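S.K.: Any chance you can model this:
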Amino acid sequence: MTDPHPTPSLGRGLGPVPNPHPSPNPSPAPAPDRSLNPNPNPNPNPGPSPGLHSQPGSPPDPPSLRVEFAELLEAEFVRRWPGRSVGLDAVHRYAMIPPGKLLRPSLVLHAALAVGGELEAVLPAAVGVEGAHVGSLLHDDIIDRDTQRRGRAAVHAEFGPAQAVVAGNALFFSWFAALSECRRLGVPADRVERAMAVQAEAGVAICRGAFDELAMRGDLELGVGAYVAMARAKTAVLLAAACRVGAILGGGDAPTTELLGDFGDHLGICFQIRDDVLPYDPIAARAMGKPSDSDVRNRRPTLPVLIAHRRADPKSRAALRHALLDETEPELALCRIRAVMERTGALDTAHAMADDYARRARELLTRLPATAHVAHVHALALLTRPAH
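M.R.: Down below sits the predicted model:
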């Protein structure tokens, strides 16, 4: 498998977030509502954020949007799966609340609002994509034999593997049912139809990515291009679909929808690489909320492992191979793999690749039309920053 997008250069720094619509004759102090600088407000003591429903000309602050979106989404989860839920709904409530990072539903909302869509009309689609993501995690935890998720018992450990499989399946279907809700809320039928096609295609691609990842277990000769192709299908496809669905439902034209979809693709690969690095960072590993030894136990050749194996001398390569494929103590395997990574600089290289995908994602945002809502474009750019 080859990467249709060439492997990026390995510059380490994130660099400044670019202006989405640079002027040919820039003034010394660019207007704050046209910048993707992460701190656009020149006032060191800003007043309260205007919030989601602020008037035109006074765009909301992107960090406040993140908080308000998180509160809005969690309130919607609670409304759909209240405390009195029983049966399947009780499993879904446990899986969905408290929520995770909410990256994918945030992409739906920001993409829709960036092109002029209405929040209420696309909210069901945002809930649906989070359901699809959580459903995939229910299945992943069974496949990987991981008993923890988000700092507590995984769904299959709490309710049983069979119940987790069925609950995950139902959440996938809820992703599509959400689009019929958008239709009832006024989204035109042709937009819903196009969004449905994007979701269906993405769903098949995600399953293919998960299948390919299983086939790659233990393969330390895997090329970086094959890894990126797998990461694109396993992770980036859903982020790209979230952006495309939001843009379609919000009324974006085809070029804008594709730009936002490509942004989601690059963000997804960046996100997967950063996730693959976490188990090998002792400090970050303690805050993962899931077993840090999962990749080692499942003999998964993630990007930093592949880079270390390719760069290592014969002795270190043999040690890494034994740790990943034959070591029976996962913690000992992690320590030995970390040692090889330190000697080869593999973690720095993986971080640099993630940063470069993030840079390329932000660059795509600069191509959006001048009509794009700047606060939401800015918020999308901020999602490319490392969580720490």
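
S.K.: What are the buried residues along stretch 332-342?
M.R.: 333-334, 336-338, 340-341 (16 or more other CB atoms under 10 Å). Just so you know, the C-beta spots here come from the backbone N, C-alpha and C atoms, and that holds for glycine as well.

S.K.: And the residues you listed, which is closest to residue 379?
M.R.: Among the buried residues of stretch 332-342, residue 341 lies closest to residue 379 (CB to CB), at 33.4 Å.

S.K.: Give me the residues contacting whatever helix or strand the closest one lives in.
M.R.: Using DSSP states H and E, residue 341 maps to helix 330-344. Residues from elsewhere that reach helix 330-344, judged by CB atoms under 8 Å, 6 or more residues apart in numbering: 279-280, 282, 292-293, 296-297, 304-305, 307-309, 311-312, 316-317, 319-320, 322-324, 327, 346-347.

S.K.: Which of the three states applies to residue 219?
M.R.: Following DSSP: H, G, I helix; E, B strand; the rest coil, residue 219 is assigned to coil.

S.K.: For it, give me the backbone phi and psi.
M.R.: Backbone torsions for residue 219, taken as degrees, to the nearest 10, come to phi -90, psi 90.

S.K.: got the contact list for the residue lying closest to it once chain neighbours are set aside?
M.R.: The shortest distance from residue 219 to any non-neighbouring residue, by CB to CB, 6 or more residues apart in numbering, is to residue 301 (5.8 Å). Residue 301 makes contact with 216-220, 222, 227, 309, 324, according to CB under 8 Å, 6+ apart.

S.K.: same check, this time on residue 269
M.R.: Contact analysis of residue 269 by CB under 8 Å, 6+ apart lists 228, 231-232, 235-236, 354, 357.

S.K.: again, 10 Å this time
M.R.: Applying CB atoms under 10 Å, 6 or more residues apart in numbering, we find residue 269 in contact with 3, 5, 8, 227-229, 231-232, 235-236, 239-240, 303, 353-354, 356-358, 360-361.

S.K.: swap in residue 313?
M.R.: Residue 313 sits next to 319, 340, 343-344 when contact means CB under 10 Å, 6+ apart.

S.K.: just checking, next helix/strand downstream of the lowest-mean-pLDDT helix or strand in the chain?
M.R.: Every helix and strand in the chain was compared by mean pLDDT, DSSP states H and E; the lowest is helix 282-285, with a mean of 73. Using DSSP H and E, the helix or strand that directly follows helix 282-285 along the chain is helix 294-297.

S.K.: Which SSE is immediately downstream of that following helix?
M.R.: helix 303-311.

S.K.: For that next one, buried residues please.
M.R.: Result for helix 303-311 [16+ other CB under 10 Å]: buried residues 303-311.

S.K.: What of stretch 147-157?
M.R.: By neighbour count on 16+ other CB under 10 Å, the buried set for stretch 147-157 is 149, 154-157.

S.K.: Show me what the mean pLDDT comes to for it.
M.R.: For stretch 147-157, mean pLDDT is 95.

S.K.: Renumber starting at 40 from here on
M.R.: Understood, numbering begins at 40; the last thing we discussed is stretch 186-196.

S.K.: so how far is it from its chain's centroid?
M.R.: Put simply, stretch 186-196 sits 20 Å off its chain's centre (CA atoms, centre = their mean, to the nearest Å).

S.K.: can you list contacts of it?
M.R.: The contact list for stretch 186-196, computed with CB under 10 Å, 6+ apart, reads 130-131, 133-134, 137-140, 173-174, 176-181, 183-185, 197-198, 200-204, 206-207, 326-330, 333.

S.K.: picking that back up, dump the contacts of residue 340 to CSV, plus distance to residue 241.
M.R.: Below are the contacts of residue 340 laid out as CSV (distance: CB to CB, whole Å):
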residue, distance to residue 241
255, 21
256, 24
257, 28
258, 26
259, 30
261, 24
266, 20
348, 31
363, 31
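
S.K.: Make a markdown table out of the residues you listed and add distance to residue 222 and pLDDT.
M.R.: Formatted as a markdown table, the contacts of residue 340 follow (distance: CB to CB, whole Å; pLDDT from 0 to 100):
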| residue | distance to residue 222 | pLDDT |
| --- | --- | --- |
| 255 | 39 | 95 |
| 256 | 42 | 94 |
| 257 | 46 | 94 |
| 258 | 44 | 95 |
| 259 | 48 | 95 |
| 261 | 43 | 92 |
| 266 | 39 | 94 |
| 348 | 50 | 96 |
| 363 | 48 | 94 |
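
S.K.: which one of those residues sits closest to residue 151?
M.R.: Closest to residue 151, out of all of those and judged by CB to CB, is residue 266, at 31.7 Å.

S.K.: my guess is that closest one contacts residue 349, does it?
M.R.: No - if you go by CB atoms under 10 Å, residue 266 and residue 349 don't touch, sitting 11.2 Å apart.

S.K.: And residue 227, what's its pLDDT?
M.R.: pLDDT at residue 227 comes out at 98.

S.K.: so it sits right up against residue 289, yeah?
M.R.: No - checked against CB under 10 Å, the pair residue 227 and residue 289 is beyond contact range at 11.2 Å.

S.K.: which one of these two has more residues nearby?
M.R.: Set side by side, residue 227 and residue 289 show more neighbours around residue 289, with 29 against 12, by other CB atoms under 10 Å.

S.K.: where does the nearest residue in space to that one that is not next to it in sequence land in three-state SS?
M.R.: Sequence neighbours aside, residue 156 is the residue nearest to residue 289 in space, at 2.4 Å (criterion: CB to CB, 6+ apart). With three-state DSSP as the basis, residue 156 sits in coil.

S.K.: so where's the stretch 140-289 of the chain uncertain?
M.R.: Of all residues in the stretch 140-289 of the chain, none has pLDDT under 70.

S.K.: Tell me which of the buried residues of stretch 186-196 fall in strands.
M.R.: With strands taken from DSSP state E, the overlap with the buried residues of stretch 186-196 comprises residue 188.
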